[in-house]
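1. with the input below, show me the fold.
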Amino acid sequence: MGRKIYPDAKKLLICADSGGSNGYRVRLWKIKLQEFANKSGMEITVCHFPKGTIKWNKMEHRLFSHISMNWKGHPLTSHDVMVNLIGATKTKTGLKVGVKIDKRKYPTGIKVSDQEMEKINIGKHNFHGDWNYTISKN
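-> Below is the predicted model:
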């Protein structure tokens, strides 16, 4: 979705929480980011919020409050209903929400070796390098 709006982008900033599939210790997350950096040519900077502090993410507050107001009173009976309600969310200041269901199947239980991790072109930032890093094209 972002490629259409920002076709000349050279960098991407991802603000993520510290748990789940995109946690700062998740090896497969970093492998997939490296693959994306290689494919897109973009430099990807990731800044993880410390555990339990995702509530500080201003974008989430700005976005989810409007989504919640938009689907208030509507029973969430299917994925299509949720996608349509989220996709219809707009703010007075011009924020429009884009949403799409990813129906692809993803394998589970993938193990990432130390050798694969060594191939990641990762630059840890000076401040909390485990949480803040940049992955560049190999």
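2. separation between G109 and K72?
-> Look at G109 and K72: by C-beta to C-beta, to the nearest Å, they are 39 Å apart. Heads up, the C-betas are built off the backbone N, CA and C, glycines and all.
3. if you count what's nearby, which of those two comes out ahead?
-> Legend: neighbour count by other C-beta atoms under 10 Å for G109 and K72, higher for K72 (8 against 4).
4. pretty sure the more buried one belongs to a strand, no?
-> No. Assessed with DSSP: H, G, I helix; E, B strand; the rest coil, K72 is coil; it does not lie in a strand.
5. per-residue confidence for it?
-> For K72, the model assigns a pLDDT of 84.
6. could you do F127 as well?
-> Looking at F127, the pLDDT reads 95.
7. could you look up the SS state of it?
-> On the basis of three-state DSSP, F127 is classed as coil.
8. i'd like the first residue to be 118 from this point on
-> Got it, the first residue is 118 from now on, which makes the last one we talked about F244.
9. show me the contacts for R120.
-> By C-beta atoms under 8 Å, 6 or more residues apart in numbering, R120 lies in contact with A126.
10. could you give the mean pLDDT of stretch 169-177?
-> pLDDT averaged over stretch 169-177 gives 69.
11. what does stretch 134-149 give?
-> Stretch 134-149 shows a mean pLDDT of 89 in the predicted model.
12. before we move on, what about stretch 210-222?
-> 88.
13. contacts for that stretch next, please.
-> Contacts for stretch 210-222 (C-beta under 8 Å, 6+ apart): M118, R179, L180, H183, I184, H196, V200, I203, G204, A205, T206, K207.
14. what's the farthest-apart pair in those?
-> With C-beta to C-beta as the measure, no two of the contacts of stretch 210-222 lie farther apart than R179 and H196, at 23.9 Å.
15. any chance you could map the helices in this structure?
-> Using DSSP state H, the helices assigned to the chain run over residues 119-122, 144-157, 175-187, 196-204, 231-235.
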